[in-house]
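**Student:** sequence below, structure please.
(one chain, ligands or ions: 1)
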Amino acid sequence: MSDLDQKITGFDVWHLAVPVTSRRDHGIGTVEATCEVILLRLTAEGGAQGWGEASPWVVFTGSPEASFAALDRYLRPLTLGRRVSDRAAILSDALYAVAHASEAKAALDAALLDLMGQITGQPAYGFLGGKYRDTIPLSVSIANPDFDADIRLLQRIRDDGVRIIKLKTGFRDHAFDILRLERIRADFPEFSVRIDYNQGLSPDEAMTRVRDVAQFRPDFIEQPVRAHHYGLMRQLREATDVPLLADESVYGPEDMARAAAEGICDGVSVKIMKSGSLSRAQDVANMAAAHGLTAYGGDMFETGLAHLAGTHMIAATPAITLGCEFYQTTYFLAEDLLETPFKVENGHVVVPDTPGLGGRPDMDRIAKYSSIGRAA
Ligand SMILES: [Mg+2]
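**Tutor:** Prediction:
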């Protein structure tokens, strides 16, 4: 029996509410006080453990309660008793065992990869095609309704070497968005600027506002309208020469196929929490590249554990050329869960070369932030 032929014997799930330092407003909703995540720990019969995180957002992908139930009730029985090496089969079963719940499936995949890495000594990227890059440029999102606080954040991240920001727009009035863009362009010329509406514009106002903000020459304008408004996305794309990105419109490879066929975007935000596994996230990026579209590594409201999973996915995916936005552990959470801090240096995420995901959560902090706990 090879080491990876060990059976999976432990499946533990926790629901955590992790405190954050400020409010974040996005087009579709707000995060304040805490962000809620679900942690999964798999144990193999030899004692090795692998960790994964589901990072749902109730207005975006789904609720933490749904992620918890998907793991605890529906994904547990198809995982326990399987061999660690059965990853592809487990994930294939998981895809159709419970509808949606992409964050729960991403957590399961991350935990399987971490477990494989802990057993073999390989970093998770080694199971995803190998390492293409050592570092990933970091984008930090500007989303505080208190713009003075964001000015201080802009000064801080500039000093830290960050050179990409994403301005969250469409959660208040248009004048506020224009005012912030004028101030950022005037006072922070070092930054490459991206704009993300998070579906915040109504169909009747979208064309005018997208054309207005395009005059500030952002790198791209992301998801101005509702996810299902494919026709309107295509019209907006055709109306401006600034690239239009799809985020909420594209979850997995199935959406990517339709988005490419209908020409709704110039690029896509790739997130493991949307695609439902690290490999499916790679599929989305590769499909985008095959259609001549760009891709960047997005995230949800995550702790460092999910950031690590996304980091390994991007490290092994050449098609993701626009960096990542794994900024929460460094600039948003009051306290992260990882025993060893998520590594960001000079505005770049550093890809870990240690076994598995390269980090595990601290058990005391899990106890501190657990609102619902259950051991197998
Ligand atoms: Mg987005």
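**Student:** so where's the stretch 151-300 of the chain uncertain?
**Tutor:** Scanning the stretch 151-300 of the chain for pLDDT under 70 picks out nothing.
**Student:** residues near residue 342, how many?
**Tutor:** 26 (other CB atoms under 10 Å). All C-beta atoms are positioned from the backbone trio N, CA, C, and that covers glycine.
**Student:** ok, now which ones touch the closest residue in space to it that isn't next to it in sequence?
**Tutor:** Closest residue in space to residue 342, ignoring its immediate chain neighbours: residue 304 at 3.8 Å, by CB to CB, 6 or more residues apart in numbering. Residues in contact with residue 304 (CB atoms under 8 Å, 6 or more residues apart in numbering) are 329, 336, 337, 338, 341, 342, 359.
**Student:** centre of the chain to stretch 181-200, how far?
**Tutor:** 20 Å (CA atoms, centre = their mean, to the nearest Å).
**Student:** buried ones in that stretch, by neighbour count?
**Tutor:** 181, 184, 188, 191, 193, 194, 195, 196, 197, 198, 199, 200 (16 or more other CB atoms under 10 Å).
**Student:** so what's the residue of the stretch 101-250 of the chain found nearest the ion up against?
**Tutor:** Closest residue of the stretch 101-250 of the chain to the ion, CB to the ion: residue 247 (3.5 Å). Contacts of residue 247 were listed using CB under 8 Å, 6+ apart, and they are 196, 198, 222, 223, 268, 269, 271, 298.
**Student:** can you classify the closest residue in space to it that isn't next to it in sequence as helix, strand or coil?
**Tutor:** Excluding its sequence neighbours, the residue lying closest to residue 247 (CB to CB, 6+ apart) is residue 269, at 3.9 Å. Judged by DSSP: H, G, I helix; E, B strand; the rest coil, the three-state class of residue 269 is strand.
**Student:** of the contacts of residue 304 - the most surrounded one?
**Tutor:** Neighbour max across the contacts of residue 304 (other CB under 10 Å) = residue 337, 28 neighbours.
**Student:** from the ion, how far out is it?
**Tutor:** Using CB to the ion, to the nearest Å, residue 337 is found at 23 Å from the ion.
**Student:** same check on residue 77?
**Tutor:** For residue 77 relative to the ion (CB to the ion), the value is 34 Å.
**Student:** what does the model give that residue for pLDDT?
**Tutor:** With respect to pLDDT, residue 77 has a value of 98.
**Student:** what's the burial count for it?
**Tutor:** 11.
**Student:** where does it sit, in terms of helix or strand?
**Tutor:** Residue 77 is part of no helix or strand, with elements assigned from DSSP states H and E.
**Student:** equivalent analysis for residue 349, please.
**Tutor:** strand 348-350.
**Student:** partners of that strand in the sheet?
**Tutor:** strand 135-137 (antiparallel), strand 344-345 (antiparallel) (DSSP bridges).
**Student:** for the stretch 101-250 of the chain, which segments count as strands?
**Tutor:** For the stretch 101-250 of the chain, the strands defined by DSSP state E, counting those that start in this stretch cover 135-137, 139-142, 164-168, 192-196, 221-222, 244-246.
**Student:** turn those strands into TSV, columns for distance to residue 29.
**Tutor:** Below are the strands of the stretch 101-250 of the chain laid out as TSV (distance: least, CB to CB, whole Å):
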stretch	distance to residue 29
strand 135-137	27
strand 139-142	14
strand 164-168	11
strand 192-196	13
strand 221-222	16
strand 244-246	19
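**Student:** re the thing from before, please report the distance of the residue nearest to residue 342 from residue 366.
**Tutor:** 13 Å (CB to CB, to the nearest Å).
**Student:** what touches both of these two?
**Tutor:** residue 337.
**Student:** residues making contact with stretch 356-373?
**Tutor:** 14-19, 36, 39, 49-51, 68, 110, 113-118, 122-124, 303-305, 308-309, 312, 335, 337-340, 342, 352.
**Student:** could you flag which of these are buried?
**Tutor:** Looks like those have 14-16, 18, 36, 39, 49-51, 68, 110, 113-118, 122-124, 303-305, 308-309, 312, 337-338, 342, 352 buried, using 16+ other CB under 10 Å.
**Student:** which two in the buried residues of stretch 181-200 are spaced the farthest apart?
**Tutor:** 188 and 199 (26.2 Å; CB to CB).
**Student:** neighbours around residue 99, how many?
**Tutor:** Neighbour tally, residue 99, other CB under 10 Å: 9.
**Student:** Three-state assignment for it, please.
**Tutor:** Residue 99 ends up coil, using three-state DSSP.
**Student:** number of nearby residues for residue 85?
**Tutor:** Count around residue 85 with other CB under 10 Å applied: 16.
**Student:** swap that for residue 179, please
**Tutor:** Neighbour tally, residue 179, other CB under 10 Å: 12.
**Student:** distance check, it against residue 73.
**Tutor:** Counting by CB to CB, the gap from residue 179 to residue 73 is 48 Å.
**Student:** and what of residue 369?
**Tutor:** Distance from residue 369 to residue 73, by CB to CB: 22 Å.
**Student:** so how far is the lengthiest helix in the chain off the chain centroid?
**Tutor:** Criterion DSSP state H: the longest helix present in the chain is helix 102-120. Distance, stretch centre to chain centre, for helix 102-120: 15 Å (CA atoms, centre = their mean).
**Student:** alpha carbons only: can I get that helix in PDB?
**Tutor:** Output of helix 102-120 as PDB, limited to C-alpha atoms (Å, rounded to 0.1, in the frame of the first residue of the first chain):
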ATOM      1  CA  SER A 102     -19.000  25.600  -4.500                       C
ATOM      2  CA  GLU A 103     -17.200  27.000  -1.400                       C
ATOM      3  CA  ALA A 104     -17.700  23.700   0.500                       C
ATOM      4  CA  LYS A 105     -16.300  21.700  -2.500                       C
ATOM      5  CA  ALA A 106     -13.300  24.000  -2.700                       C
ATOM      6  CA  ALA A 107     -12.700  23.400   1.000                       C
ATOM      7  CA  LEU A 108     -12.800  19.700   0.400                       C
ATOM      8  CA  ASP A 109     -10.300  19.900  -2.500                       C
ATOM      9  CA  ALA A 110      -7.900  22.200  -0.500                       C
ATOM     10  CA  ALA A 111      -8.000  19.700   2.400                       C
ATOM     11  CA  LEU A 112      -7.400  16.800   0.100                       C
ATOM     12  CA  LEU A 113      -4.400  18.500  -1.500                       C
ATOM     13  CA  ASP A 114      -3.100  19.600   1.900                       C
ATOM     14  CA  LEU A 115      -3.400  16.000   3.100                       C
ATOM     15  CA  MET A 116      -1.600  14.600   0.000                       C
ATOM     16  CA  GLY A 117       1.200  17.200   0.600                       C
ATOM     17  CA  GLN A 118       1.500  16.400   4.300                       C
ATOM     18  CA  ILE A 119       1.900  12.700   3.500                       C
ATOM     19  CA  THR A 120       4.300  13.000   0.500                       C
END
